[in-house]
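[1] Have a look at this fold, sequence not included:
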């Protein structure tokens, strides 16, 4: 198992990425190729006294695609950008999976131009795992395609079902279409056109429309929407989770002595709650629909996020999630549903 990691273009710089990589290498035993400025990478490895780690190699890339850069144009022009080089390693099978926490737009563009889509897939989709009261829900799409046709949402539902089954261990995962109400007649033109397609597809365990609050209740396993809606939902939930934990801490600290003593008694429980709602526990998000495992992380990912992403990349590769998606799409085409 060899995983390429793009270490450039992130909010916290290469240091956090490399710390997470070293933690993952020690725990999971995978080999990692660090792609980026070799002098910077060597310097960070030296700080950690890991410059001679046999599990870690460096592949130099002289350019970086910044968050402000136009994704498609930059991927075409910056041939030696770290994300472009890492994608090339994946395409040429020098690596089994790829992780990037740089520009999401650049990552998606690089995957499309450098890897290509699975035959039959019209547009890719990002699958993000969100904690719920009973386990986790897969949100598809969380940012790859901001305007999706009904047929694209059906493919997202199929891919999300495969992901939920193999990665989360959910048999016949329940799929819901994100909408403003549960009734079949609710929603915009996109939802109204997508509903009957999901309903008639035999490869999807469709339970109907679901609302935003259902995502965290655990009553649905895969929630389908376009990337614009999904990205807003995801970031709103992440912001709310962090805000709530901060509010709890501030309320406890601003209260009287008895409350503070009580907080000490429940400290371990609060820590457990924090881990339960922490999205970094689930690693990065899989870009589904391209020809190899391609994991996208937040630009503000820290060491813990990267470590989890490497675990997820290793698991997805071992379970051949990409191969299963390819088979399901072929079956759907043969049955005439797509």
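    Perfect, thanks for sending it. Quick caveat, the model's predicted, so the values are computed rather than measured.
[2] Tell me the buried residues in stretch 222-239?
    Neighbour counts over stretch 222-239 (16 or more other CB atoms under 10 Å) mark 222-227, 229-231, 233-234, 237-238 as buried. Every residue, glycine included, has its C-beta placed from N, CA and C.
[3] I figured residue 260 was touching residue 251, is that so?
    No: when contacts are counted by CB atoms under 8 Å, residue 260 is not listed as touching residue 251 (10.8 Å).
[4] Keep only those of the buried residues of stretch 222-239 that are in helices.
    227, 229, 230, 231, 233, 234, 237, 238 (DSSP state H).
[5] now the strands for the stretch 1-150 of the chain?
    Remark: strands of the stretch 1-150 of the chain, listed N- to C-terminal, are 2-6, 31-36, 56-60, 97-100, 125-132, 135-140; assignment by DSSP state E, counting those that start in this stretch.
[6] deepest of those, which one?
    Stretch with highest mean neighbour count among the strands of the stretch 1-150 of the chain: strand 97-100 (a mean of 30; mean count of other CB atoms under 10 Å).
[7] tell me how far it is from the chain's mean position?
    11 Å (CA atoms, centre = their mean, to the nearest Å).
[8] With respect to residue 76, which of the ones in helices among the buried residues of stretch 222-239 is nearest?
    For residue 76, the closest of those turns out to be residue 227, at 21.5 Å, with distances computed as CB to CB.
[9] Look up how far residue 157 lies from the closest one.
    With distances taken as CB to CB, to the nearest Å, residue 227 is found 14 Å from residue 157.
[10] Could you do residue 48 as well?
    Using CB to CB, one gets 43 Å for the distance from residue 48 to residue 157.
[11] between the two, who's got more neighbours?
    Regarding residue 48 and residue 157, a neighbour count based on other CB atoms under 10 Å identifies residue 157 as having more, with 26 against 13.
[12] Can you give me the pLDDT of that one?
    The score at residue 157 is 96. That number is its pLDDT.
[13] Just to be sure, it is in a helix?
    Yes: the assignment for residue 157 (DSSP: H, G, I helix; E, B strand; the rest coil) places it in a helix.
[14] Contacts only, for residue 143.
    Contact criterion CB atoms under 8 Å, 6 or more residues apart in numbering gives 104, 126, 227, 230, 231, 234 as the residues in contact with residue 143.
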